[in-house]
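**Q** sharing a sequence plus its predicted fold:
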Amino acid sequence: MSGIKDKVVIITGASSGIGEATARVLAAHGARVVLGARRTDRLEILAAAIRAEGGSAIYQALDVTRRSQLEDIVALAKSRFGQVDVIVNNAGVMPLSMLDQLKVDEWDRMVDVNIKGALYGIAACLPVMQAQGNGQIINVASIGGHRVSPSAAVYCATKFAVRAISDGLRQELTNIRVTVISPGVTESELADSISDPAAKLNMENWRKIAISAESVARTILFAIEQPKDVDISEIIVRPTASPH
């Protein structure tokens, strides 16, 4: 029997990219997915498509920079399905730029979404999982959480932070699994937030070797499917052609 069948999985940033692909893959394997993102029109279409294929999906508007909205989506999952087995903290932004451009508002946005969004997801689901005596927190970091590159200093810092938070949480908990997924360059809308022309061009060139979002989704599936006494602590998944 699949280790994911009937599990209740909350996915943030589910309206596109890795989040959308994860919703489709997990639902196809029997998970009950709870989708959150700001673009509810896309969530409605995604949930309808999953249901049309025999899967289970509900959705709710979610801005991960607002702690109360993460509490609300956890409450929705609990009220509809009676439990919360997994949260995939996937929402993220990546407006790359050189530090001397002083795009401080973009720095703030990355900190708010990439770090605080993950922390708010942890804070919202942890009490429920502790009461259940089990659960899994999956934080989507990045290859940028392992190596810093020009124009990506702040973005990489946020992903290093996600890895540090995850490892600390893993060490503190004994009955809740904590997993970090660190994708390399992946097909998504993440680069759309880059406002600096030079950084945007560099990323467009880099993304020519991108792997599919479904490839990352299958990695998340693998981590969830393991027996409850097995914690897949971290996986790096990247293009075979990637030099870094």
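**A** Happy to help now that I have it.
**Q** ok, and the closest non-adjacent residue to residue 228?
**A** Nearest non-adjacent residue to residue 228, counting by Cβ to Cβ, 6 or more residues apart in numbering: residue 134, 6.3 Å away. C-betas here are computed from N, CA, C, even on glycine.
**Q** shouldn't that neighbour be in contact with residue 173?
**A** No - the pair residue 134 / residue 173 is not scored as a contact, 10.3 Å apart, by Cβ atoms under 8 Å.
**Q** helices along the protein, start to end?
**A** 17-28, 40-52, 67-81, 104-110, 117-132, 153-172, 197-206, 213-225 (DSSP state H).
**Q** what's the weakest-modelled helix or strand in the chain?
**A** helix 197-206 (a mean of 62; mean pLDDT, DSSP states H and E).
**Q** of residue 134 and residue 173, which one has the most company?
**A** Neighbours around residue 134 and residue 173, counted as other Cβ atoms under 10 Å, are more numerous at residue 173. The numbers are 16 against 13.
**Q** centroid-nearest residue for the chain?
**A** Centroid-nearest residue in the chain, with Cα atoms, centre = their mean: residue 90, separated by 1.4 Å.
**Q** help me confirm that that one comes into contact with residue 19.
**A** Yes - in this structure, residue 90 is within contact of residue 19 by Cβ under 8 Å, at 4.5 Å.
**Q** give me the common contacts of those two.
**A** Residues touching both residue 90 and residue 19 (Cβ atoms under 8 Å, 6 or more residues apart in numbering): 11, 12, 13.
**Q** gap between the first one and residue 121?
**A** When distances are taken as Cβ to Cβ, to the nearest Å, residue 11 and residue 121 turn out to be 10 Å apart.
**Q** what is in contact with those two at once?
**A** With Cβ under 8 Å, 6+ apart as the test, residue 11 and residue 121 both reach residue 87.
**Q** most remote residue from this protein's center?
**A** residue 100 (29.2 Å).
**Q** report the separation between it and residue 16.
**A** For residue 100 relative to residue 16 (Cβ to Cβ), the value is 31 Å.
**Q** and residue 93, by the same measure?
**A** 12 Å.
**Q** now residue 50
**A** Applying Cβ to Cβ to residue 50 and residue 16 gives a distance of 15 Å.
**Q** who has more neighbours, the two?
**A** residue 50 (23 against 17).
**Q** which residue, other than its chain neighbours, is closest to the more buried one?
**A** residue 57 is the one closest to residue 50 (Cβ to Cβ, 6+ apart), at 4.0 Å.
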